[in-house]
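> Below are the sequence and a predicted model; questions follow.
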Amino acid sequence: MGHSLFLEHHKQVLREATVIAEEMTSDFFKLTHNCWRRARYDIITREGLEQEEISAHALALVAKYQGCHRDRLLKSAFFDFYRICLQDHNILKALDSCPDLSLLPLFLYIITHELVHVVRFSQFQALFEAPEEQKREEETRVHQLTQKILTPLNSRELPRVIRYYEDNWQGGRLYAHL
């Protein structure tokens with residue numbers, strides 16, 4: 001163990017997982033390029049996070065901000081912008097504590113899960129600012145959708161990640177929203 005930030009090989013696997021997760025999520029929700037423009041997001045690792053985006057226990061969290069086009073004052077120029085905040089330290093800890101987990105399937109699950117949140121928030125299928133009870137229900141829904149999205153990959157390792165999620169984090173401690 002020892003390190004709490006992703007190294008270059010982690011980031012390479014993350015890039016690979018992100019491409020697959022974006023494609024699978026787009027296909028599942030039948031998203032056009034325009035839909036993604038409405039669901040603006042970025043994926044940030046620990047070194048790029050603000051202090052309030054760092055979690056002691058979550059593997060990732062979604063932060064929502066208001067963006068605005070330069071030099072525009074009209075309300076119509078504002079847009080929601082999401083940051084998927086990966087918690088390098090917690091992801092590396094999970095990999096260390098659970099030899100069953102592999103980096104690519106874990107990243108695939110995390111990124112897909114967070115993209116499902118972004119899609120659902122941006123399409124108003126779920127409220128970003130929801131009461132705790134609704135957030136728990138949404139987590140269960142997003143977990144089920146994430147499994148459905150990733151099933152066609154036929155990965156032998158993905159069931160381990162899903163089992164890990166269900167065993168350790170189903171209470172909503174895995175994913176938090178700012």
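Thanks, I have the structure now.

> could you pull out the strands for the chain?
Using DSSP state E, the strands assigned to the chain run over residues 40-44, 60-68, 78-86, 175-177.

> quick one, the first one and strand 78-86 angle?
Counting by axes from the mean of the first three to the mean of the last three Cα atoms, to 10 degrees, strand 40-44 lies at 20 degrees to strand 78-86.

> Can you list the buried residues in strand 40-44?
41, 43-44 (16 or more other Cβ atoms under 10 Å). To be clear about C-beta, it is placed using only N, CA and C from the backbone, and glycine gets the same treatment.

> number of nearby residues for V19?
Neighbour count of V19, defined by other Cβ atoms under 10 Å: 11.

> swap that for Q66, sorry
By other Cβ under 10 Å, 8 other residues sit near Q66.

> which ones are touching the residue most central in space within the chain?
With distances taken as Cα atoms, centre = their mean, the residue of the chain nearest its centroid is E114 (2.3 Å). Applying Cβ atoms under 8 Å, 6 or more residues apart in numbering, we find E114 in contact with 43, 60, 62, 84, 175.

> quick one: which two of those are the most distant?
Across the contacts of E114, the longest distance by Cβ to Cβ is 14.1 Å; it joins I43 and Y175.

> For the strands of the chain, which has the smallest mean pLDDT value?
For the strands of the chain, mean pLDDT drops lowest on strand 175-177, to a mean of 48.

> For I54, what are phi and psi?
The phi/psi pair for I54 (degrees, to the nearest 10) reads phi -100, psi 130.
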